[in-house]
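>>> structure for the following, please:
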Amino acid sequence: MIENIIIGKHTLESLTSGMYSDPFVVFREYIQNCVDSIDQAINEGILNSDASDINICLSPSDRTIKIRDNGKGLSVEEAEKALISIGNSKKSSESSRGFRGIGRLAALSYCKRLTFTTSTCGEAKGTKITIDAEKLAELLSTNNSMDATIVDVLESVYHVNHFQEKEFSHYFIVLLEGVDESSSLNSYDDVLDYLTQNVPVPYDPDTFVWGKEIVGRLQKEGYQLNSYNISLTYGSSSIRVYKSYKDKFVVDKGKNIVDSIKDIEIIRILNANGTLSAIGWIGATHYLGSIYDKSIKGIRLRKGNILVGDYQTMNVAFKDARFNGWSVGEIFAIDTSLIPNARRDNYEKNAAYFNLLEQLTDVAARITKDIRVASLNRNADLSKALEQSGKIKKVAEAAIDSGISSFQKGAIKQKLVSAQEALTNIKTEESSDTYYQTIAFEELDMLIGKLKGATTYKALNTIDKLTNMEKKILEKVFNVIMSLNVDNAENIIEAILVSFIS
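Predicted coordinates:
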């Protein structure tokens with residue numbers, strides 16, 4: 001019978017630490033609730049979209065984190081039920097980013113006390129709910145044999161308080177106290193890196209000029225890409241958060257090879273009836289190699305402009321998974337059947353998802369073809385660079401052998417350096433190509449070294465046991481002898497050279 005069914009306390013553990021093994025999902029879960037609340041406030045005329053604000057404040061010295069938004073907030077009547085109930089959200093997956101009613105518990109595994117404070121427009125009261133996460137951990141401990149249900153446990157760890165508030169205030173605040181230091185949740189760099197990839201913020205107009213183009217092209221296709229004002233505060237400083245995309249990015253840190261986006265392709269994913277299921281953009285690059293920066297590499301999936309999965313999620317669309325790392329782009333879900341799963345590491349596996357994957361597999365095949373064409377072109381570029389390298393090498397060797405003036409030396413050195421740069425800028429995949437590239441580079445490097453010690457005297461240039469400094473000194477001595485206009489000047493110079501050779 002139904003009354004004999006008990007949902008035990010350890011189910012709560014599965015819905016907190018079991019569900020959210022990555023501590024940084026705390027920010028995603030709370031921010032998606034912030035965004036939904038802001039959307040509500042805008043739709044109801046409570047808030048102007050330009051005035052929307054979400055702030056994350058990190059305080060490592062106090063071991064606290066505060067996340068605040070100026071969205072609609074919750075009324076006194078609905079706050080307790082909405083914030084303590086589990087999996088009982090009234091939100092719809094069609095209109096809301098957070099809709100399962102689980103995410104608000106995300107922080108319980110990473111702090112000692114979790115507090116929600118909220119108020120809504122039109123009420124002169126606010127609600128404050130505090131959950132003792134430390135006590136909750138004790139009750140869920142395997143050493144605690146207390147027989148209890150989820151309801152029993154929750155009732156023993158949370159406290160509700162109502163307070164007077166300004167009638168037109170509307171906000172929601174999440175406060176984590178006693179944050180677990182090992183979680184890195186108070187690390188500025190780590191948090192900023194996570195936010196730039198996961199939350200619905202705009203493109204940075206200073207580092208990604210293509211951002212404006214993307215928003216405009218998507219709008220022409222009928223899709224409005226919504227982004228929000230999100231700031232990160234650390235100590236006394238506060239910055240606005242933007243997506244991490246850049247116009248230029250490193251693909252080989254060792255060789256300092258930089259690639260760039262040369263154009264944007266809009267990707268349209270259609271349903272069987274011809275309506276849009278998803279839309280997005282792919283950056284057309286020179287495909288010089290796998291993108292080094294993990295914050296921008298890979299085709300990303302998004303729902304409500306919030307990341308689904310990570311930079312490797314779309315590896316499955318590529319026959320050669322590594323080529324997803326050569327790609328850059330975003331795909332935004334439109335179809336309401338494209339629903340992020342509970343862990344938000346992918347979409348639920350349904351017909352809409354498999355349709356998306358099938359069409360993205362075609363996109364991946366085109367990208368792979370472009371990568372291979374680019375590779376073939378680079379092989380042609382390498383052949384051309386090796387040929388040019390060989391020509392300048394012969395010119396330099398001939399000049400050194402015949403004696404070279406300071407003016408000639410500067411001109412030839414510049415050609416040698418330019419030939420090296422041309423070789424360095426070619427991305428090679430095959431080991432044989434890399435071998436010939438390296439050999440040619442080292443030969444040019446050796447000639448640059450020889451050029452430093454080259455003089456106007458051919459015979460002097462051929463004495464390898466002399467240092468560059470010694471050659472330069474002897475060159476000055478020989479010039480003085482030649483300037484004296486004595487009949488036997490050449491004989492004197494030859495005698496000096498013989499003394500160094502023998």
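>>> give me the distance from stretch 484-494 to the chain's centre.
Offset of stretch 484-494 from its chain centre (C-alpha atoms, centre = their mean, to the nearest Å): 70 Å.
>>> put the alpha carbons of that stretch into CSV.
This file holds the C-alpha atoms of stretch 484-494, laid out as CSV (Å, rounded to 0.1, in the frame of the first residue of the first chain):
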residue,chain,number,x,y,z
LEU,A,484,98.7,51.8,-45.7
ASN,A,485,99.1,51.2,-49.5
VAL,A,486,102.3,49.2,-49.0
ASP,A,487,103.4,47.0,-51.9
ASN,A,488,103.4,43.8,-49.9
ALA,A,489,100.1,44.3,-48.0
GLU,A,490,98.5,41.2,-49.4
ASN,A,491,101.6,39.1,-48.5
ILE,A,492,101.5,40.4,-44.9
ILE,A,493,97.8,39.5,-44.6
GLU,A,494,98.4,36.0,-46.1
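>>> contacts for it?
Contact with stretch 484-494 is made by 457, 459, 478, 481-482, as judged by C-beta atoms under 8 Å, 6 or more residues apart in numbering. To be clear about C-beta, it is placed using only N, CA and C from the backbone, and glycine gets the same treatment.
>>> go with 7 Å
The contact list for stretch 484-494 (C-beta atoms under 7 Å, 6 or more residues apart in numbering) reads 478, 481-482.
>>> that stretch - what's its average pLDDT?
Stretch 484-494 carries an average pLDDT of 73.
>>> now swap in stretch 165-177 and tell me
What stretch 165-177 shows for mean pLDDT is 96.
>>> stretch 63-76 now?
96.
>>> now do residue 289 against residue 55, distance only.
According to C-beta to C-beta, to the nearest Å, residue 289 stands 38 Å off from residue 55.
>>> so these two - more neighbours on which side?
Each of residue 289 and residue 55 has its neighbours counted (other C-beta atoms under 10 Å); residue 289 has more, 21 against 17.
>>> what packs against the strand or helix carrying residue 81?
Here residue 81 sits within helix 76-84, counting by DSSP states H and E. Other elements packing on helix 76-84 under the criterion 3 or more C-beta pairs under 7 Å, 6 or more residues apart in numbering; DSSP states H and E are strand 125-132, strand 158-164.
>>> with mean neighbour count and distance to residue 238 added, can I get those in a markdown table?
Shown next, in a markdown table, are the helices and strands packed on helix 76-84 (neighbours: other C-beta atoms under 10 Å; distance: least, C-beta to C-beta, whole Å):
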| stretch | mean neighbour count | distance to residue 238 |
| --- | --- | --- |
| strand 125-132 | 20 | 24 |
| strand 158-164 | 12 | 27 |
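>>> out of the ones you listed, which gets nearest to residue 448?
Taking C-beta to C-beta, strand 125-132 is the member of the helices and strands packed on helix 76-84 nearest to residue 448, at 67.9 Å.
>>> name the strands paired with that closest one and say parallel or antiparallel.
Strand pairing for strand 125-132, using DSSP bridges, gives strand 113-119 (antiparallel), strand 158-164 (antiparallel).
>>> quick check: next helix or strand after the lengthiest strand in the chain?
The single longest strand within the chain, with elements called by DSSP state E, is strand 257-270. Sequence order places strand 276-285 as the next helix or strand after strand 257-270, per DSSP H and E.
>>> on that earlier part again, then the helix holding residue 81 to PDB, C-alphas only?
Extracted C-alpha coordinates of helix 76-84, given in PDB (Å, rounded to 0.1, in the frame of the first residue of the first chain):
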ATOM      1  CA  VAL A  76       5.900  35.100   1.700                       C
ATOM      2  CA  GLU A  77       3.200  32.700   0.800                       C
ATOM      3  CA  GLU A  78       5.200  30.700  -1.700                       C
ATOM      4  CA  ALA A  79       8.800  31.000  -0.500                       C
ATOM      5  CA  GLU A  80       9.000  28.200   2.100                       C
ATOM      6  CA  LYS A  81       7.200  25.600  -0.100                       C
ATOM      7  CA  ALA A  82       9.200  26.600  -3.200                       C
ATOM      8  CA  LEU A  83      12.600  26.500  -1.500                       C
ATOM      9  CA  ILE A  84      12.300  23.400   0.700                       C
END
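>>> that helix to strand 125-132, inter-axis angle?
20 degrees (axes from the mean of the first three to the mean of the last three C-alpha atoms, to 10 degrees).
>>> which residues touch helix 76-84?
74, 104, 116, 118, 123, 125, 127, 129, 154, 158, 160, 162.
>>> so what's the most centrally placed residue in the chain up against?
The centroid of the chain falls nearest to residue 295 when counting by C-alpha atoms, centre = their mean (1.0 Å). For residue 295, the contact set (C-beta under 7 Å, 6+ apart) comprises 193, 196-197, 244.
>>> swap in residue 170?
By C-beta under 7 Å, 6+ apart, the contact list for residue 170 reads 41, 46, 70-73, 119-121.
>>> recalculate using a threshold of 6 Å.
For residue 170, the contact set (C-beta atoms under 6 Å, 6 or more residues apart in numbering) comprises 46, 72-73, 120-121.
>>> mind listing what's buried in the helix holding residue 81?
Within helix 76-84, the residues that count as buried by 16 or more other C-beta atoms under 10 Å are 76, 79-80, 82-84.
>>> next step: the contacts of residue 295 restricted to helices.
Applying DSSP state H to the contacts of residue 295, the entries found in helices are 193, 196-197.
>>> sounds good, over and out.
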